[in-house]
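Peer 1: A structural model of the following input is requested.
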Amino acid sequence: MVSYSVPTAQQVFLPETLLKKQKASDKAEAKATEAKVQQRKARIAKRREIVRRSASYRREYQASERKLIQLHREAKANGSYYIPSQRKLLLVVRIRGINNIPPKPRKVLQLLRLLQINNAVFVRANKATLQMLQLVIPYVTFGEPNLKTIRELIYKRGFGKINKQRIPLHDNALIEQSLGKHNIISMEDLVHEIATVGANFKQANAFLWPFKLSNPNGGWRTRKLNNYVEGGDQGDRERFINNLVQSMN
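Peer 2: Model (predicted):
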């Protein structure tokens with residue numbers, strides 16, 4: 001009788017092509033695993049950086065508030081008044097529609113990106129901007145927004161201009177994708193850049209789509225076309241722009 005021996009696992013020889021394929025597959029799997037580990041480390045590091053920056057911004061805001069209170073107290077103690085420095089940021093809200101607008105104010109409204117009634121935008125307060133606002137006084141109201149107003153507008157009604165499309169800001173990755181090269185990687189970075197009118201304010205503001213607000217609670221005033229100081233709605237309302245936005249947000 002002839003006997004046959006079955007080769008053991010150690011004696012099985014695989015084709016060289018199959019060995020190369022298995023080796024490449026193992027290498028790719030190890031590389032993918034390493035990439036996942038690195039991505040997880042990067043996400044953790046980024047979250048920590050965002051938290052660190054947010055804490056730094058809070059300390060900066062609190063220090064600024066304390067300094068302002070101190071200056072008011074010192075002025076009162078000396079029998080005088082503290083006059084804040086010139087405002088750096090304005091929030092402009094369009095209060096009238098498109099009917100019967102002359103060409104020049106219409107062009108200014110386009111430059112300000114105020115294309116619809118109840119649209120709102122941030123603008124840098126400088127000589128050129130103030131001159132432009134004087135041309136469109138009958139169609140807008142504006143003032144200096146506080147930190148609460150800025151944060152609520154961006155968080156509640158913030159949309160970004162991404163690939164010329166209006167995209168809701170529900171993820172920090174969207175902000176980093178568009179503004180990461182300007183060191184703006186999160187919502188708090190965006191809020192801080194707008195609130196402080198930082199070095200990259202122009203890019204951050206251009207990224208923000210004009211805010212679409214609702215009509216104010218109780219509606220506009222009966223004398224809407226009068227200036228704010230005359231009991232109307234148009235023109236400069238200084239810090240009281242915050243009250244208006246709260247009723248429209």
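Peer 1: List the buried residues in stretch 78-95.
Peer 2: Neighbour-count burial for stretch 78-95, counted by 16 or more other Cβ atoms under 10 Å, picks out 89-95. Glycine gets a C-beta too; all of them are placed from N, C-alpha and C.
Peer 1: Would you pull up how far it lies from the middle of the chain?
Peer 2: Taking Cα atoms, centre = their mean, to the nearest Å, one finds the center of stretch 78-95 at 22 Å from the center of the full chain.
Peer 1: Now do the helix or strand containing V191: which elements does it pack against?
Peer 2: With the criterion set as DSSP states H and E, the secondary-structure element containing V191 is helix 187-196. Taking 3 or more Cβ pairs under 8 Å, 6 or more residues apart in numbering; DSSP states H and E as the contact definition, the neighbouring helices and strands of helix 187-196 are helix 16-77, helix 147-157, helix 172-179, helix 201-207.
Peer 1: out of those, nearest to F240?
Peer 2: Distances from F240 to each of the helices and strands packed on helix 187-196 were compared using Cβ to Cβ; the shortest belongs to helix 147-157, at 11.2 Å.
Peer 1: Okay, angle between that closest one and helix 16-77 too, please.
Peer 2: Using axes from the mean of the first three to the mean of the last three Cα atoms, to 10 degrees, the direction of helix 147-157 lies 150 degrees away from that of helix 16-77.
Peer 1: So what touches helix 147-157?
Peer 2: 61, 91, 120, 122, 145, 169, 187, 190-191, 194-195, 208, 211-213, 241-242, 245-246, 249 (Cβ atoms under 8 Å, 6 or more residues apart in numbering).
Peer 1: Please spell out which residues along that helix are buried.
Peer 2: By neighbour count, with 16+ other Cβ under 10 Å as the criterion, the buried positions of helix 147-157 are 147, 149-154, 157.
Peer 1: Also stretch 101-121?
Peer 2: Neighbour-count burial for stretch 101-121, with 16+ other Cβ under 10 Å as criterion, is recorded at 101, 105, 108-109, 112-114, 118-121.
Peer 1: List the residues that contact the residue positioned nearest the centre of the chain.
Peer 2: For the chain, L190 is the residue whose C-alpha lies nearest the centre (Cα atoms, centre = their mean; 4.1 Å). If a contact means Cβ under 8 Å, 6+ apart, then L190 has 154, 158, 169, 175, 179, 184, 204, 207-208 as its contacts.
Peer 1: Look at it and report its pLDDT.
Peer 2: According to the model's per-residue confidence, L190 sits at a pLDDT of 95.
Peer 1: Taking helix 172-179 as reference, get the angle to the worst-scoring helix or strand of the chain on mean pLDDT.
Peer 2: Across the helices and strands of the chain, mean confidence by mean pLDDT, DSSP states H and E is lowest for helix 16-77: a mean of 85. Note on geometry: by the same axes, to 10 degrees, helix 16-77 and helix 172-179 are set 80 degrees apart in direction.
Peer 1: For helix 16-77, name the packing helices and strands.
Peer 2: Packed next to helix 16-77, using 3+ Cβ pairs under 8 Å, 6+ apart, are helix 187-196.
Peer 1: now the helix it packs on and helix 16-77, what's the angle there?
Peer 2: Angle between the axes of helix 187-196 and helix 16-77 is 40 degrees (criterion: the same axes, to 10 degrees).
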